[in-house]
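Asker: one predicted model, sequence on top.
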Protein chains: 2
Amino acid sequence: MKTAPRISDTEWELMRVVWARSPATAANIIATLTARDPSWHPKTARTLLARLVQKKALGYQPQGRAYAYIPLVSEADCVAAASESFVERVFGGSFRPMLAHLVERQHLTPQDLDELRILLDKKAPGAPKPQKKRPVP
Amino acid sequence: MKTAPRISDTEWELMRVVWARSPATAANIIATLTARDPSWHPKTARTLLARLVQKKALGYQPQGRAYAYIPLVSEADCVAAASESFVERVFGGSFRPMLAHLVERQHLTPQDLDELRILLDKKAPGAPKPQKKRPVP
DNA sequence: ACGTCAAGACTACAAATGTAGTTTATGCCA
DNA sequence: TGGCATAAACTACATTTGTAGTCTTGACGT
């Protein structure tokens, strides 16, 4: 898959639907969208689909008289790119302040916090709180 | 302070400088900016400053023949707003997947991870590794 | 067979954004 | 004291984004 193109705010909503339900026709996608948020206008959604195809974020296969859209970029790649650009923009590129902000000021539920602890332990077990450095034996 | 207006990508760079050095004149700010990245054009920066004033993200006090800019919105508020909108856009509003992405796929250094553990412990001590949760009795 | 309805293609248009240039006033140095 | 350097004000313009409308064509039901 190609590297993630720039995906705008509203385009992200479309992409998330396609990632979840690909291959999906415009009608499918629009149905999903309007189910969640009735303010979605079909024409708007179609325009955005066309733009995403232009940007090569989506491709399609003819399916009957309609198109079945498929992602050309992986969700993981796009998420990674968006995260990096977010951290760059808001925290000048350093992750540490972002983590601090998240844990301290954002409304994480206790469950979120527990989950995070579990993720951390899975990621790097056996290092609970290496506060102090000890002399190498 | 007012609630955070929508601050664009490049505007963020200006804002971060002002938050760090406020009150600062345009010349100050531009100097800081170009020091970091010589591709900054002074006129561009001034335009953005004007726009940030329009948006009421910045205010100013005359200082000699120039302006000394000051933030009208707090960095914490803007960071919070940007974080929320980021999570909304990329993760459909749920923090959990974002945390997972960060810990698992983003390049956090071991130091970042340790720091995060410490933050977590500070935030909610006494819950070191609640691996398995039971339904509340 | 024909009309209708829907799918995609093309067009529209205002606001926001990125990037600068032009104009006008003015404080300060020579 | 006169002109230059500079600050802010105003103007410019292409691109991206959000939001839709019109046009063209073909499949499908009656």
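Answerer: Yep, it's here.
Asker: which other helices and strands contact the strand or helix carrying A:L102?
Answerer: Applying DSSP states H and E as the criterion places A:L102 in helix A:95-105. Counting contacts by 3 or more C-beta pairs under 8 Å, 6 or more residues apart in numbering or on different chains; DSSP states H and E, helix A:95-105 is packed against helix A:75-91, helix B:75-91, helix B:95-105, helix B:110-123. Yep, even glycine has a C-beta here, placed from its N, CA and C like the rest.
Asker: now for the first one, which elements pack on it?
Answerer: Which is helix A:75-91. In this structure, helix A:75-91 packs against helix A:9-21, helix A:95-105, helix B:9-21, helix B:75-91, helix B:95-105, with contacts taken as 3+ C-beta pairs under 8 Å, 6+ apart.
Asker: so does it get close to DNA strand D?
Answerer: No. For a cut-off given as C-beta under 7 Å from any atom of the strand, helix A:75-91 has no contacts with DNA strand D; the smallest distance is 11.2 Å.
Asker: hmm, that helix in reach of DNA strand C?
Answerer: No. Judged by C-beta under 7 Å from any atom of the strand, helix A:75-91 stays clear of DNA strand C, getting no closer than 8.8 Å.
Asker: which residues touch that helix?
Answerer: Judged by C-beta atoms under 8 Å, 6 or more residues apart in numbering or on different chains, the contacts made with helix A:75-91 from elsewhere in the structure are A:1, A:3-4, A:7, A:12, A:15-16, A:19, A:57, A:93-95, A:97-98, A:101, B:9, B:12-13, B:78-79, B:82-83, B:86, B:89-91, B:98, B:101-102, B:105-106.
Asker: buried subset of the residues you listed, written for ChimeraX?
Answerer: Those of the contacts of helix A:75-91 that count as buried under 16 or more other C-beta atoms under 10 Å in any protein chain shown are selected in ChimeraX with:
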select /A:4,7,12,15,16,19,57,95,98,101 /B:12,13,78,79,82,83,86,89,90,91,98,101,102,106
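Asker: report pLDDT for A:R105.
Answerer: We note a pLDDT of 86 for A:R105 in this prediction.
Asker: around DNA strand C, which positions in chain A sit nearby?
Answerer: That would be A:T25, A:A26, A:A27, A:K43, A:R46, A:T47, A:A50, A:R65, A:A66, A:Y67, which are the residues of chain A within reach of DNA strand C (C-beta under 7 Å from any atom of the strand).
Asker: let's see that with 10 Å instead.
Answerer: With C-beta under 10 Å from any atom of the strand as the criterion, chain A comes near DNA strand C at residues A:9, A:25-31, A:42-47, A:49-51, A:53-54, A:60, A:62-69, A:89.
Asker: A:L113: which of the helices and strands packed on helix A:75-91 is closest?
Answerer: Closest to A:L113 of the helices and strands packed on helix A:75-91 is helix A:95-105 (C-beta to C-beta; 7.7 Å).
Asker: model confidence for A:P135, exactly?
Answerer: The per-residue pLDDT reported for A:P135 equals 53.
Asker: perfect, that will be all.
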